Every structure is written in structure tokens, then in C-alpha cells.
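In: sequence and predicted structure are below.
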Amino acid sequence: MSNQKVLYILVNSPGEVCGWAAPVVQRLRKTAPNLAIIVVTLPCPYASGGEKQAALALGVQDVVPLGQLFKTKLPKVKKGQRDFAQILQLGGDAMWGLLLHIKTGYDWLIYTKRPKFRHFVHHYFVPNRETEEKFAHVVPPDKFSLAGNLILDSVKLGDGSEGREGELRLVILPGSRPFEYTRSIPFYLEVSRLLHEKFPALSIVFPLAPTVKEEACTKAIEEAGCHYAKDEATGDLTVQISQGFKVRFTTQNTFDEIKHATLAVAFPGTNNLQIAYLGTPLLCLAPTNFAEEIPLDGLLGLIPNCAVTRKLKRLIIDRLNRRIDFTSLPNILAKRQVVPEVRRFFSVEDGAETIARYLASEKLRNDIKEAYRYVPFDHGADRVIADFITKSLK
């Protein structure tokens, strides 16, 4: 690889692999087909364990943990030779990018809303005009570019089938992190049974993130007391909920499934903005039933997991929940409620009733769709970032 140009892409969570890195890698495959891309996974409390598999599926050269990369002897930059390798940081603590930059001397590019480490960063990519205005006061104009929101560039429609006129279709996204989907799948399977009793014609699909581990998913299905059958051709799982009623788990054409749904239900996360971009009404449910299992950032994340500290952690999560106005990205970006957020303890019956209210009301769903106009959908970041890298590594 000594004569080959190399790009190290730093990511941490499942959402950043699939929602941020994926569109940049796909664009670079067109603009710089000979570029070696190595994905570097950062320490992250939200990691799913499936990041490596999802990143390799993008066609990158390799996926390595940051700790392993630090132990690797990398060629250092020589005077007058700065164009053979770069670091592109897409999320995670900027300190990791700084340390890798110091170790190697490679130009450090970062996609961010914060102008940290201005004397070390070679170039910033910012997601919106509001951030651009903030940067203009402290960063020279040639050191940052208005890119757009990378999450929007990750939305790719395939050849999935369209919904039939008048068909009632619900998509439930059970989360991309293990603590989410291992707990939510049994919960939402029981919710699905209750919803079918109320809406006999309802079809339900569970689109799965690429980082979800199949064995963990099937174990959660079995824990719910359900039987499943796998389609070996597609990988889809068909789950028997009750007599004559089945739901489907799929990783195929997930954006098509979302686009043609009547309603989408999801945890707060990257997919919230993807759903809004597709124009599908979103109900953001964040049950606090298992609040003690939610990873915490910073020093709070070091709290050990035992009976006493689990109670403490639940109290911390409950307090944070009361202090935060919004957790769903469309609401955060719009700075107002666009999609309904329900963040509290849920029984199965309560969850089913909440979802049923939106399935039964076209007006409630239309209100959500109309409010999407307040969300800034600034796409095209993948092109801006890939073009910059392609030109600078020529």
C-alpha cells in the first residue's frame, strides 16, 4: 500500500457507519476508485458489535479498532509530502482524531458542528448554514466548507414494491444498538399482536439496521415465545404472532418499506431524520422501561452495572429525560415539535394504544407530514466531502 493513497475514516456508533460513512464511501468509489479506504472504529458506549461487518459491506479496504491502529507502524508524513494519506472524522470525540493526527501527521478533516482544535484541523465540513455562520467568526473561510446533512445522503431507494392504495402498513424500527433491539423486539411483537386485534388488515414490517446481529435478533424473537422461518434467498424472517397473523423482519430495501408505510415507529436516532426525509409520518417512542441499560456519555458511562448503581442510573436517566426538550432529530433541527415524542414507561397495552391512535387518525399523520416543512433537509454533503478528498489526494 506504500504507493497507494489512503483515507482513514473515523466512526463510532451504528448510525455513523450506516448514516454518515456509507454515503461518503459510495461517492468516493466513483470519484476516487483507486483510493484505499480504511474505517477506524472509535471507543463508543453505543457500539453494536456489527459495525465492522456493516463497514466491510461498503467495500472498504479494512476495518480496524483505533487501539489496534495506534499499535500499527504507519508511514509518517515527510516534508513536502502531505498528499498520500488523510484522516476523515465522522463523529466521535474529536480528541481521537487529534491523537491520530499527532501520531501520523496526516491531514485531519472533520465533519462537525464545533470548531475544536483549530490549529490542528486541516479542514472542517459543517452540516448547515447556522453552523457555517458560527464558524465564520473563528475559522478562516478556506478552512471550512458548508456540506449539508450526511444522513440525508444515506437514503437510497431500491426496487422495493410500492404499497397498495388504502393499505394500512406499519413499520417498526427496533433500534440498531443491542440494548435497544434485544429489549424492544419482544415488546413490539406483543404490541403487534394487540394491534392486529384492533386492525385485522394491518401489515407490519420490522426493517433492521445492517449492524443488527441476526443471532441476537432471533434470540429475542424466541424469548417472546414466537416461531420464525427464514427466507434463505433474502434473509428475511417471517414471525408467527398468532393464528393467521405474521410480521416480517427484513434488511432488504428498508427505505422502500419506510417510504410506503402508513406510519413508522422508532427510537430516537439517525433513522428519525431518514424517515422524515422520506415523508412518512413518524411516532418517536422512547420507553424508559429499561432506562438503566441506556449507555451514558463521559464519566457517567463508567458507572458499574450492579443492583445499586442500576437504580442510580435510572434516576440519572429520568432526570436527564425531564431536562431535555427533544431527542428526535427532526425536532432538534427544527427547534420545535415536528414529530410526537413519547418518553416514559410503557406497558405493552399502553404502547399498542399509543400507536393505534396514530394509525386510526389520518389527520394526526397528516399533521406530522405537514410539519416536516420546518426541518432543514440540506443534502449533498457526500459530494462536497468526496470532491474535496479526491482533489486533495491527487
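Out: Cool, got the structure. What you see is a predicted model; the values in this text were computed from it and never measured. Numbering: from 1, shown residues only.

In: need the nearest residue in space to Leu100, chain neighbours excluded.
Out: In space, and not counting its chain neighbours, Leu100 is closest to Ile87: 5.7 Å by C-beta to C-beta, 6 or more residues apart in numbering. For every residue, glycine as well, the C-beta is placed using N, CA and C.

In: residues contacting that neighbour?
Out: Contacts of Ile87 were listed using C-beta atoms under 8 Å, 6 or more residues apart in numbering, and they are 7-8, 10, 97, 100-101, 104, 106-109.

In: point out the least confident one among these.
Out: Within the contacts of Ile87, pLDDT reaches its minimum at Thr104, with 90.

In: and that one, what does it touch?
Out: 74, 76-77, 85, 87.

In: okay, and which of the residues you listed map to strands?
Out: Within the contacts of Thr104, residues falling in strands by DSSP state E are 85, 87.

In: pLDDT-wise, what's the bottom of the contacts of Thr104?
Out: Comparing these by pLDDT, Val77 comes last, at 69.

In: returning to what we had before: a markdown table for the contacts of Thr104, including distance to Ala381?
Out: Output for these, formatted as a markdown table (distance: C-beta to C-beta, whole Å):
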| residue | distance to Ala381 |
| --- | --- |
| Leu74 | 27 |
| Lys76 | 30 |
| Val77 | 27 |
| Ala85 | 22 |
| Ile87 | 18 |
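
In: list only those of the contacts of Thr104 flagged as buried.
Out: Neighbour-count burial (16 or more other C-beta atoms under 10 Å) is assigned, among the contacts of Thr104, to 85, 87.

In: can you show me the strands along the stretch 151-300 of the chain?
Out: Under the criterion DSSP state E, counting those that start in this stretch, the stretch 151-300 of the chain carries strands at the ranges 169-173, 203-207, 227-230, 237-242, 245-250, 263-266, 282-285.

In: how about the third one: buried residues?
Out: Within strand 227-230, the residues that count as buried by 16+ other C-beta under 10 Å are Tyr228.

In: alpha carbons of it, as CSV, please.
Out: Output of strand 227-230 as CSV, limited to C-alpha atoms (Å, rounded to 0.1, in the frame of the first residue of the first chain):
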residue,chain,number,x,y,z
HIS,A,227,-41.7,-19.1,16.0
TYR,A,228,-39.9,-17.8,12.9
ALA,A,229,-38.9,-19.0,9.4
LYS,A,230,-36.0,-17.7,7.4
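
In: note down every partner strand of it and its orientation.
Out: Sheet pairing of strand 227-230 (DSSP bridges) gives strand 237-242 (antiparallel).

In: give me the residues contacting the strand it pairs with.
Out: Here strand 237-242 makes contact (C-beta under 8 Å, 6+ apart) with 189, 192-193, 196, 217-218, 221, 226-231, 246-250.

In: show me what the mean pLDDT comes to for it.
Out: Strand 237-242 carries an average pLDDT of 93.

In: and the angle for it with strand 245-250?
Out: 160 degrees (axes from the mean of the first three to the mean of the last three C-alpha atoms, to 10 degrees).

In: what domains does the record give for the protein?
Out: Listed domain ranges for the chain are 6-149+378-392, 169-286+327-374 (source: automatic domain parsing).

In: dump the ones you listed to a markdown table, plus distance to Leu320.
Out: What follows is those, written out as a markdown table (distance: least, C-beta to C-beta, whole Å):
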| stretch | distance to Leu320 |
| --- | --- |
| domain 6-149+378-392 | 14 |
| domain 169-286+327-374 | 10 |
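
In: least reliable of those domains by average pLDDT, please.
Out: Looking at these, the weakest mean confidence is domain 6-149+378-392, a mean of 90.

In: end to end, how far does that one reach?
Out: Criterion C-alpha to C-alpha, to the nearest Å; first-to-last residue distance in domain 6-149+378-392 is 12 Å.

In: next one: it to chain centre, how far?
Out: The chain centre lies 17 Å from the centre of domain 6-149+378-392; the measure is C-alpha atoms, centre = their mean, to the nearest Å.

In: same thing with stretch 204-224?
Out: Distance, stretch centre to chain centre, for stretch 204-224: 16 Å (C-alpha atoms, centre = their mean).

In: can you give me the buried ones in it?
Out: For stretch 204-224, by 16+ other C-beta under 10 Å, it's 204-213, 216-218, 220-221, 224.
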